[in-house]
Every structure is written in structure tokens, then in C-alpha cells.
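Participant: fold the following and give me the result.
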Amino acid sequence: MKVLVINGSPHLSGCTDRALREVENTLHENGVETERVEVGNIAVRGCVGCNFCNEHGRCAFNDLVNETAPKFAEANGLLIGSPVYYAGANGQLLAFLDRLFYSTAGAFDKAMKVGAAVVSSRRAGSTSAFDELNKYFGISAMPVVSSTYWNEVHGFTAQDVEADSEGLQTMRNLGKNMAFLMKAIEAAAKEKGLPLQERGAFTNFMPSR
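Facilitator: Predicted structure coming up:
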């Protein structure tokens, strides 16, 4: 059982990293492997809607997105962390996620892979960034993992996060819940199989011609 961890912060030892490490350590304690992908300081361009991926099963821009796609396919869960910039997630991370989710839509089924988002902020804007990241899971039939508070930590430095006892507690509970949910889904899938997802309907509300 494995979780793919995506760090959207350009500060590799910053607040977001500290939050993610708390979740990762808890996952390891519960028998779950993790693998990190660092996105925050990588130049990633956004999706251009060329639909190359619909025909070829990969993005036209051959970069970190295509490198990450097979790791996502193999993972049981996805953990995304981002700092909060202007009440939103890091721009590179959003460009990366747009292309990762869109380019793999026909390549593999994300249904019942669990998803969790973690955000870090100095003071405010965290809940809007948190909502922004959770939308990727909601459109992909991925169960969203919750904790005992919103999945966030506060601080300007990693040392500040060390003093956020409730934030770190929230991260540990998130790790426990994530491990439990993945194991529960795996057990249910072995016993009864995964729920079938209907596909094919596409409503665009355009007038008929």
C-alpha cells in the first residue's frame, strides 16, 4: 500500500514540508509506504487544452507531469501539500495538478484512490486554498480524507509549525485516517469489488444546431 506525496512548496524544508512529514511518519507507522514528488520550485506550464492526451494517454509537454503519472496510477492514495499564496495554492502546483489529472483521465481510473490536501499559512487564506485542492479529488471519484480539524498548519517557518501542536495533531490524525480508509477500501474491493462508475454522459447546455 502506497501514498504518492506531492509537495507544492518551493521551500523544501519549510512549513508545508514539516506538515507533510508528520503525515508521512504516521502513514509509515501504519504500514503505508510513501514517495515524494517536489513540485514547488519546478517550472511547470499550464494546460493548453490541446487534447493531445486524449489520443496518446500522456501530456504533450514531456516533463514532471508525465514522470509522475505512472506513480499516481500505482498509488492507493494521493497527499498534496501547498503553502498559501494570496488565499490560494502555489501556482506551479495548480498548473501541475491541472495537467496531471486531465492528461491521465483516460489512462487510468482514479476512483476510490483516496485523496488528502494539506495547506500551510502564516495567518489566513488557508481554507480557500484547502477547498481549491480538494476539488481535484471531488471530480475524480476519490474519497477525501478528513481529520479532526481542517488539514492545515500555521507558521512562517518550520520552527513555528513545531509550536503548532494542534496543527501537528491534525496531521497525525489525517495520517491515521488515510491509512485506515485505504485499508478499508482495499478490503471491501477484495470482498465485493469497487463500485462501477457510469461514464459517457456529457452535458454542455449548448443550443442544438
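Participant: all strands of the chain, in order?
Facilitator: Along the chain, counting by DSSP state E, strands occupy 2-7, 33-38, 77-83, 114-121, 152-154.
Participant: now find how far off-centre the longest one is within its chain.
Facilitator: Which is strand 114-121. For strand 114-121, the distance between its averaged C-alpha position and the chain's averaged C-alpha position is 7 Å (C-alpha atoms, centre = their mean, to the nearest Å).
Participant: that strand versus strand 2-7: what angle between them?
Facilitator: Using axes from the mean of the first three to the mean of the last three C-alpha atoms, to 10 degrees, the inter-axis angle of strand 114-121 relative to strand 2-7 is 30 degrees.
Participant: so for strand 114-121, mean pLDDT?
Facilitator: Confidence over strand 114-121 (mean pLDDT, whole number) is 98.
Participant: so what does that strand touch, helix or strand wise?
Facilitator: With contacts taken as 3 or more C-beta pairs under 8 Å, 6 or more residues apart in numbering; DSSP states H and E, strand 114-121 sits against helix 15-29, strand 77-83, helix 126-138, strand 152-154, helix 165-192. Glycine gets a C-beta too; all of them are placed from N, C-alpha and C.
Participant: need the CA coordinates for the second one. PDB is fine.
Facilitator: Coordinates of the C-alpha atoms in strand 77-83 are reproduced here as PDB (Å, rounded to 0.1, in the frame of the first residue of the first chain):
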ATOM      1  CA  GLY A  77      -3.700   7.500  -2.200                       C
ATOM      2  CA  LEU A  78      -2.600  11.000  -3.100                       C
ATOM      3  CA  LEU A  79      -1.400  13.500  -0.500                       C
ATOM      4  CA  ILE A  80      -1.000  17.100  -1.700                       C
ATOM      5  CA  GLY A  81       0.600  19.900   0.300                       C
ATOM      6  CA  SER A  82       0.800  23.600  -0.600                       C
ATOM      7  CA  PRO A  83       1.700  26.900   1.000                       C
END
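Participant: picking up where we left off before, which of the helices and strands packed on strand 114-121 is buried the deepest?
Facilitator: Sort these by mean neighbour count, taking mean count of other C-beta atoms under 10 Å, and strand 77-83 sits at the top with a mean of 27.
Participant: grab the most central residue of the chain for me.
Facilitator: Nearest residue to the geometric centre of the chain (C-alpha atoms, centre = their mean): residue 80, 3.4 Å.
Participant: can you list contacts of the lowest-mean-pLDDT helix or strand in the chain?
Facilitator: The weakest-scoring helix or strand in the chain, judged by mean pLDDT, DSSP states H and E, is helix 52-56 (a mean of 93). The set of residues that contact helix 52-56 without belonging to it, under C-beta atoms under 8 Å, 6 or more residues apart in numbering, is 58, 59, 60, 102, 103, 104, 105, 106, 107.
Participant: return the member of these nearest to residue 12.
Facilitator: Using C-beta to C-beta, residue 59 is the member of the contacts of helix 52-56 that sits closest to residue 12, with 24.5 Å.
Participant: now the closest one: how far from residue 111?
Facilitator: Per C-beta to C-beta, to the nearest Å, residue 59 is found 21 Å from residue 111.
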